[in-house]
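Participant: quick one, what's the 3D model for this:
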Amino acid sequence: KLMQKLEDKLDAVHGRDSLAAHLQDGLHLFEKKHSSDKEMKSSEAHQHAELAEVAANKKSELSAYLDEMDRSFSNVQEQVAQEMADAKTTLQYAMKQFEHVCTMLVGSVD
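Facilitator: Modelled structure (predicted):
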């Protein structure tokens with residue numbers, strides 16, 4: 001009877017040790033997978049941060065380019081307006097000169 005109890009106890013200890021070994025293996029696999037997942041998430045977060053920075057830089061560059069285009073367009077509009085005003089003034093002066101010459105010619109014919 002004592003031998004049976006000892007054998008039962010030894011079987012229980014062996015089962016417990018076997019279970020502990022399996023649990024240890026499972027824990028090791030879990031930690032390895034968890035570490036791998038954590039590294040992958042960290043890498044993805046880093047990539048997202050880099051992409052966000054690139055996008056922000058491109059947006060800033062595009063905004064600066066559009067501002068420059070607006071300034072350039074405004075300058076061209078101002079130049080065209082000035083040239084048109086100058087042409088109008090020149091044309092008005094030429095018309096007055098023409099009218100003056102015509103008046104003088106008509107007056108000299110009379």
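Participant: centroid residue for this structure?
Facilitator: A55 (1.5 Å; C-alpha atoms, centre = their mean).
Participant: how far away is that residue from H48?
Facilitator: 10 Å (C-beta to C-beta, to the nearest Å). Yep, even glycine has a C-beta here, placed from its N, CA and C like the rest.
Participant: just D25 next, same as before
Facilitator: From D25 to H48 the distance is 35 Å (C-beta to C-beta).
Participant: over to L19?
Facilitator: For L19, the distance to H48 - C-beta to C-beta - is 42 Å.
Participant: please apply the same query to H34.
Facilitator: H34 is 21 Å from H48, by C-beta to C-beta.
Participant: next, the residue nearest to the centre of the chain: phi, psi?
Facilitator: The phi/psi pair for A55 (degrees, to the nearest 10) reads phi -60, psi -40.
Participant: so for stretch 90-105, mean pLDDT?
Facilitator: Average pLDDT, stretch 90-105: 94.
Participant: try stretch 10-21
Facilitator: Here the average pLDDT along stretch 10-21 is 77.
Participant: likewise stretch 37-45?
Facilitator: 89.
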